[in-house]
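Colleague: turn this into a structure:
(one chain, ligands or ions: 1)
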Amino acid sequence: MTHPASTSSSADGAPSRRVVVIGEEPVPPPPPFAAGATDSGPARPPLPAGDPATLGEPAARVVLKPRRAQPFHFRHPWVFDGAVQRIEAAGDFTTGSVADLVTDSGEWVARGLLHADANLKLRLYSWDQERPLDRGLFAERIASAASLRTRLFGAPTATDARRELFSEADGLTGLTVDRYGEYLTVQFTAGPLAAHQETVLDLLEAQFSPKGIFIRTEKGMGEAEAIHLTDGVVRGEAPPEGFAVEENGLSWGVDLAAGQKTGLYLDQRDNRRAAADLVAAATPGAKVLDLFCYSGGFGLTMLARGGATSVRGVDASESALGLAVMNAARHGSADACTWTNGKAFEVLDAMKASGERFDAVVCDPPKMTRTRKSVENALRGYHQLNASCLELLNPGGVLVTCCCSGLISREKFGQMLAGVAARVGRPLRILENRGAAPDHPTAPQVPESEYLKCLLCVAD
Ligand code: SAH
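Modeller: Okay, here's the model as predicted:
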């Protein structure tokens, strides 16, 4: 949807800006696969047109209401409708158009991309007034994110799985890029950035030289941000049948086209290993319940690292359990596993009724709230779930409890757990209060980016 100019020209009182046309900025050269990221290099030829909005010179000014600028001075990148007094534009603007953010007295704050229709009006990408918002800036951010991963994990191999770029924390709100060996999955979580899809994909190809790129859209995100992308392979080819990656020394089959998240829950990589090592130390020979098991990540790691002797995996998704069965076979653990397709609350009730007990319970539910309004309701859900898990746990057992709802703070989650321990009468000792793996960094100015809590506990 294109919006006509709403009020006076943005030139009125606006500071002078450099005009930059797409394609004129130097971007890093495509490195050979597995060579890691580079930070600079010769210019590439201009890109073919294809995106609806243009980058470069701002098309509009977003004027804040009085006293609403502080979060943006602190570099929070989300400007909601409620903070906006008016939008000024000399000509048309559309979702994806570049806009400057200014205070009500006209002071320049930051530069971002507009959403013409969503509540989240402006996504901010630059706090340097001299720096145009163009493909050169995107290329730099992508290269910087990739370079950090290379320093953290080394040059990627054909079986590595890691998050190469994570939205706000890597300076590109609305873009998440995961690597599965020589393939990438890309999630657009911002309509204005999705409007520049072709540019972003070109830059990712230039940076990573992948064999294929998949688009995956997170549930609920398409509607919230009015993103109309079709999931699937958008560049190159799909991986071959039986494609697998490595994590914690084990091989995991992934389905990039239909698997959940972008294929694997990469954020839990280190937590799976830490939880498995805790089980091996605290409850060796454990009988494990892996609730919300997806492709078997926690339970199978516990079997492989010697802590568990049996795993009961529960998930509501049949295709997830298909992956779990396959992974168990890959690891030679099939005989130690039982997989139950069902809803967690119902399965827990049945287990409680039948007197079944476990030495370790993993509880890793999907996000339970996406809005502030439903946080209290979600906390009740977490309470009920964790209470049932505790009731199924043998004395001295290990509880691994997770929460991936960004709107529920670590403090609130801890309070919920204290309530559960008191109600069930099972004092808990928290041994490790963990977050996501380091390829999923968080941004201090965006508390919502610290979404994953994974607490390793022992229950009396
Ligand atoms: N622990 C997993 C990731 C879990 S993601 C790992 O380490 O990879 C959450 C999982 O919960 C998904 O696989 C989803 O299919 C499952 N799920 C969603 N709702 C559910 C429900 N009501 N009962 C059981 N499983 C559910």
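Colleague: neighbours of the closest residue to the ligand within the stretch 1-150 of the chain, how many?
Modeller: Distances from the stretch 1-150 of the chain to the ligand, computed as Cβ to the nearest ligand atom, single out residue 149 as the nearest residue at 20.3 Å. The way it works is simple: take the backbone N, C-alpha and C, and place the C-beta from them, glycine included. By the other Cβ atoms under 10 Å criterion, the neighbourhood of residue 149 contains 24 residues.
Colleague: C-terminal to the strand or helix carrying it, what's the next element?
Modeller: With the criterion set as DSSP states H and E, the secondary-structure element containing residue 149 is helix 135-153. Under the assignment DSSP H and E, the closest C-terminal helix or strand after helix 135-153 is strand 161-166.
Colleague: now do the contacts for the residue nearest to residue 109 when sequence neighbours are not counted.
Modeller: Take residue 109 and drop its neighbours on the chain: the residue closest to it by Cβ to Cβ, 6 or more residues apart in numbering is residue 101, 4.5 Å away. Shown here is residue 101, whose contacts under the criterion Cβ atoms under 8 Å, 6 or more residues apart in numbering are 61-62, 64, 72, 79, 108-112, 122, 124.
Colleague: next, count neighbours for the spatially closest residue to residue 97 that is not a sequence neighbour.
Modeller: Across the structure, with Cβ to Cβ, 6+ apart as the measure, the residue nearest residue 97 apart from its sequence neighbours is residue 59 (4.1 Å). Counted by other Cβ under 10 Å, the residues lying close to residue 59 total 22.
Colleague: am I right that residue 59 is in contact with residue 95?
Modeller: No: contact criterion Cβ atoms under 8 Å: residue 59 and residue 95 do not qualify, at 11.3 Å.
Colleague: list residues touching both of the two?
Modeller: Shared contacts of residue 59 and residue 95, defined by Cβ under 8 Å, 6+ apart, comprise residue 114.
Colleague: returning to that earlier point: out of the contacts of residue 101, which are buried?
Modeller: With burial judged by 16 or more other Cβ atoms under 10 Å, the buried subset of the contacts of residue 101 is 61-62, 64, 72, 79, 109-112, 122, 124.
Colleague: just the ones of those in strands?
Modeller: Among the buried ones among the contacts of residue 101, the residues falling in strands (DSSP state E) are 61-62, 64, 79, 109-112, 122, 124.
Colleague: for the ligand, what are the nearby residues on this protein?
Modeller: For the chain, the residues in contact with the ligand under the definition Cβ under 6 Å from any ligand atom are 260, 265, 268, 292-295, 297-298, 314-317, 320, 343-344, 364-366.
Colleague: rerun that using 8 Å as the cut-off
Modeller: Residues of the chain lying close to the ligand by Cβ under 8 Å from any ligand atom are 260-261, 264-265, 268, 272, 290-298, 314-317, 320, 342-345, 347, 362, 364-366, 402, 404.
Colleague: for PyMOL, write the selection for the buried entries among the residues you listed.
Modeller: If you want just the buried ones from the residues of the chain next to the ligand in PyMOL, going by 16+ other Cβ under 10 Å, the selection is:
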select buried, resi 260+261+264+265+268+272+290+291+292+293+294+295+296+297+298+314+315+317+320+344+347+362+364+365+402+404
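Colleague: what about stretch 383-403, average pLDDT?
Modeller: pLDDT averaged over stretch 383-403 equals 98, rounded to a whole number.
Colleague: I'd like the distance from it to the chain centre, please.
Modeller: The gap between where stretch 383-403 is centred and where its chain is centred comes out at 26 Å by Cα atoms, centre = their mean, to the nearest Å.
Colleague: just the pLDDT for residue 23.
Modeller: Note for residue 23: predicted pLDDT of 30.
Colleague: which of the residues of the chain next to the ligand fall in strands?
Modeller: Among these, the members falling in strands (DSSP E) are 290-291, 314-315, 362, 402.
Colleague: how about stretch 279-291: buried residues?
Modeller: For stretch 279-291, the neighbour count (16+ other Cβ under 10 Å) marks 279-280, 282-283, 286-291 as buried.
Colleague: could I get the residues you listed as CSV with pLDDT?
Modeller: Written out in CSV, the entries for these read as follows (pLDDT from 0 to 100):
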residue, pLDDT
279, 98
280, 98
282, 98
283, 98
286, 98
287, 98
288, 98
289, 98
290, 98
291, 98
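Colleague: which ones among those are found in helices?
Modeller: With helices defined by DSSP state H, the entries of the buried residues of stretch 279-291 inside them are 279-280, 282.
Colleague: what is the nearest of these to the ligand?
Modeller: For these, the closest approach to the ligand (Cβ to the nearest ligand atom) belongs to residue 279, at 14.2 Å.
Colleague: now that closest one: closest residue in space, sequence neighbours ignored.
Modeller: Counting by Cβ to Cβ, 6+ apart, the nearest residue to residue 279 once its immediate chain neighbours are dropped is residue 307, at 3.5 Å.
Colleague: residues touching the one you found, list them.
Modeller: 276-281, 283-286, 360.
Colleague: now do residue 285
Modeller: The neighbours of residue 285, taking Cβ under 8 Å, 6+ apart as the test, are 307-309, 359.
Colleague: and what of residue 330?
Modeller: Residues in contact with residue 330 (Cβ under 8 Å, 6+ apart) are 244, 250-253.
Colleague: and it, that one's in a helix?
Modeller: Yes: secondary structure of residue 330 (DSSP: H, G, I helix; E, B strand; the rest coil): part of a helix.
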